[in-house]
Structures are given as structure tokens and as C-alpha cells.
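# I would like to see how this sequence folds:
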Amino acid sequence: MQVMIMRNGWNWIGWGIVVGLTSFPAWGAEPDPEAVRRLMEKYEREAAEEAAKQAPAPKPRPKPEPAPQPKPKPAPTVNYDHEAWKSAERCGTAACFRAYLEDYPKGRYARMARARLEPESTSPPVVTERPAAKPRPAKTLIADRYRDNGNGTVTDVNTGLQWMRCSLGQTWGSRTCNGKAEAYPWQAALDAADALNRQGGYADHQDWRVPTKEELQTLVYCSSGQPKAWNDTGQLCRSDYERPTLYQSVFPNTPVELYWSSSVYAFNPDGAWLVYFYDGYVNIATKADDHHARLVRGGQ
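Next up is the predicted model:
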């Protein structure tokens, strides 16, 4: 008889069959080991299934709760009234404040907007009336040509030029020119005019300059009337004429000398044009020479 180790968990029926097969071989032929093995596996499976049925079913695991999602932030509330007022203030014009009142006539800032507009709407513009200029008494022209400006200058009504009555270096006073007329090289005469303007000018003007050749010629006056009284031809005065050859009551105490113009001699840049008030002749001199100057403004 073969002895077999019993396994826990087999039921009595299975073990009985196995014991019977092994203990009583006279019931039949010698038992087949392979058949016994298969039989044992079968009953092992049946025993396992029976045990599984009797075992309590495992409790299902609770599903984990989902993590709480953050609540979305509420969208910011736009205060359109406030934004419109800020825009009007940044603009700052009456038109912008009026536009605010049109959109928000009862808005939070309506009173302030009206206050900004109040000076414009309630305050009438201040009109300052200038006193009417007193008409100047008509002045008699000197030599039917020069108007005395009463400040040491005259205006030639024919040319519109305003002249200093005195030469550079002299001063006007007591109806005449006092002092000695200075003599300058050509460039120094131009510089003296610029310096006068920088220092405040003369007779309320700061645009005095050395005249051109053509402007300086208009001062030539031939008392003899030859070749003409107002001799702007550049030719000499002829016959019996007074010297200096300009209207002496207009330009008193003028030396009978050469006077610079600002015109440069075209054929030699070292020379410049001048007028000789001994006879009214127009001539050329080297710029390095010393001669007198009378300033003018206007024209050109």
C-alpha cells in the first residue's frame, strides 16, 4: 500500500477516493499515477473554488475624491464713468470735458466737468482797448525830402531809408552833431555798426549798418544844381556848390571827407567803394585805409 501525504483543505470525499484507489488495488488494476495526479488537481481546484465562495467578498476601495479646483477669479468690474473722467482730465481741453458730459450727464464727475467749463462759458473774454494813437502833427519836410524823427535820425521819404544825422564818433544834441567823427578801416567800420546793435542800438532800433554804394550816393546834394541837385549819378558836382556836398542842415557838422560804403570792389576784393563829400564823386579805396562812416537802416 502506498502512503500519500494529505494536503490541508481537501474534503473528505476527495481523500476517500484517493485512499480507496491506493488501499484496495484488488478492486481493479494497478492505479494509474497520471490519473491520480489529474484527479488530485481537479479536487484541488474544486476545493479552492469552494473556499473562495465561502470567503467574504473584499470591500471595494473608496474612490479618492478629486482635488478641489480653485474657483475662477471674477472678472474685474470696469468703471467706465471713472475711466472717461480720467481721459478728460488727461486731455484737459474744454472739448474733452464737454464730451464727458455728453456721455455721462449725471455721472459722478459731472459737477467737476461743469466747473471746468464754467470760466469758458460764464466769463466773457476781456477785451483791452488800446487807446487810439494820437495823430502826429504833420511835420514840414526838410528840403521836401527828409522827415525829422526827433531822435537824431531822419527818414528820406523818397527812398524810405532812415539815416543817422551824425557820423560814427559824434553825438546828437542841441540840434547839431557834437564831437569828432571817427575814421576806421573798412572792416572796422562794419564791426562798429555790429557792436552798436549788440549794445542796444540807436533810436530804438538794432539793425543799423554801413550803407551800400547806391544808398550812400542818394545823400549827395549839389547846391549848384549841376549836374543835378540830388546828384545820385556818381559824377562830380559842378560850378559853384557848397561843401560838404550833402544837405548840411540835415547832416550838420559833417567833415568834408571820404565815407565808406559796404560795397566791395568786384575786380579787387581788397578794395571797397566810397563817396567823397568834397565833390560827390564815387571812388574806390583800399580797405585798410581809414575813412568815416554814417549808418543807415531799412531798405535792401
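# Got the phi and psi for the most centrally placed residue in the chain?
Taking Cα atoms, centre = their mean, the centroid of the chain lies closest to Cys91, which sits 17.8 Å from it. With angles defined as degrees, to the nearest 10, Cys91 sits at phi -70, psi -50.
# what does Tyr184 give?
Here is the backbone geometry of Tyr184 (degrees, to the nearest 10): phi -140, psi 150.
# quick one: pLDDT of the residue nearest to the centre of the chain?
Per-residue pLDDT puts Cys91 at 81.
# How much space separates it from Asn79?
Distance, Cys91 to Asn79, by Cβ to Cβ, to the nearest Å: 18 Å. C-betas here are computed from N, CA, C, even on glycine.
# now swap in Trp273 and tell me
For Trp273, the distance to Asn79 equals 80 Å [Cβ to Cβ].
# Among those two, which residue is more densely surrounded?
Trp273 (22 against 11; other Cβ atoms under 10 Å).
# pretty sure the more buried one is in a strand, no?
Yes. Assigned with DSSP: H, G, I helix; E, B strand; the rest coil, Trp273 falls within a strand.
# Begin at 177 from now on, thanks
All set: I'll call the first residue 177, so the last point we hit is now Trp449.
# close enough to count as contact, it and Tyr435?
No. Using Cβ atoms under 8 Å, Trp449 makes no contact with Tyr435, being 10.2 Å away.
# joint contacts of the two?
The contact sets of Trp449 and Tyr435 do not overlap (Cβ atoms under 8 Å, 6 or more residues apart in numbering).
# which SS class is Ala224?
helix.
# what's the burial count for it?
Ala224, neighbours per other Cβ under 10 Å, totals 11.
# Kindly report the same for the one 4 residues further on.
Summarising burial for Ala228: neighbours were counted as other Cβ under 10 Å, giving 9.
# Surely Ala461 is in contact with Asn444?
No. Ala461 is beyond contact range of Asn444, at 10.9 Å (criterion: Cβ under 8 Å).
# quick one: which of these two has more around it?
Per other Cβ under 10 Å, whichever of Ala461 and Asn444 has more neighbours is Ala461, with 17 against 11.
# For that one, which residues are in contact?
Counting by Cβ under 8 Å, 6+ apart, Ala461 touches 362, 434, 447-448, 450, 467.
# for Cys353, same thing?
Neighbours of Cys353 in contact, by Cβ under 8 Å, 6+ apart: 341-343, 346-347, 427-430.
# Apply 6 Å and report the result again.
342, 346, 428-429 (Cβ atoms under 6 Å, 6 or more residues apart in numbering).
# ok, and His258, which helix or strand is that part of?
Per DSSP states H and E, His258 falls inside helix 256-267.
# need the helices for the stretch 327-476 of the chain, in chain order.
362-374, 389-393 (DSSP state H, counting those that start in this stretch).
# Kindly present those helices as TSV, with separate columns for mean pLDDT.
Listed next are the helices of the stretch 327-476 of the chain as TSV, based on pLDDT from 0 to 100:
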stretch	mean pLDDT
helix 362-374	97
helix 389-393	96
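# so which of those helices is the most packed in?
Most buried of the helices of the stretch 327-476 of the chain, by mean neighbour count (mean count of other Cβ atoms under 10 Å): helix 389-393, with a mean of 20.
# Counting by contacts, list what that one packs against.
The contact analysis (3 or more Cβ pairs under 6 Å, 6 or more residues apart in numbering; DSSP states H and E) places helix 389-393 against strand 434-440.
# relative orientation of the strand it packs on and helix 362-374 in degrees?
Orientation check (axes from the mean of the first three to the mean of the last three Cα atoms, to 10 degrees): strand 434-440 against helix 362-374 gives 90 degrees.
# helices or strands next to strand 434-440 in the packing?
So strand 434-440, by 3+ Cβ pairs under 6 Å, 6+ apart, packs with helix 389-393, strand 447-452.
# All good on my end, thank you.
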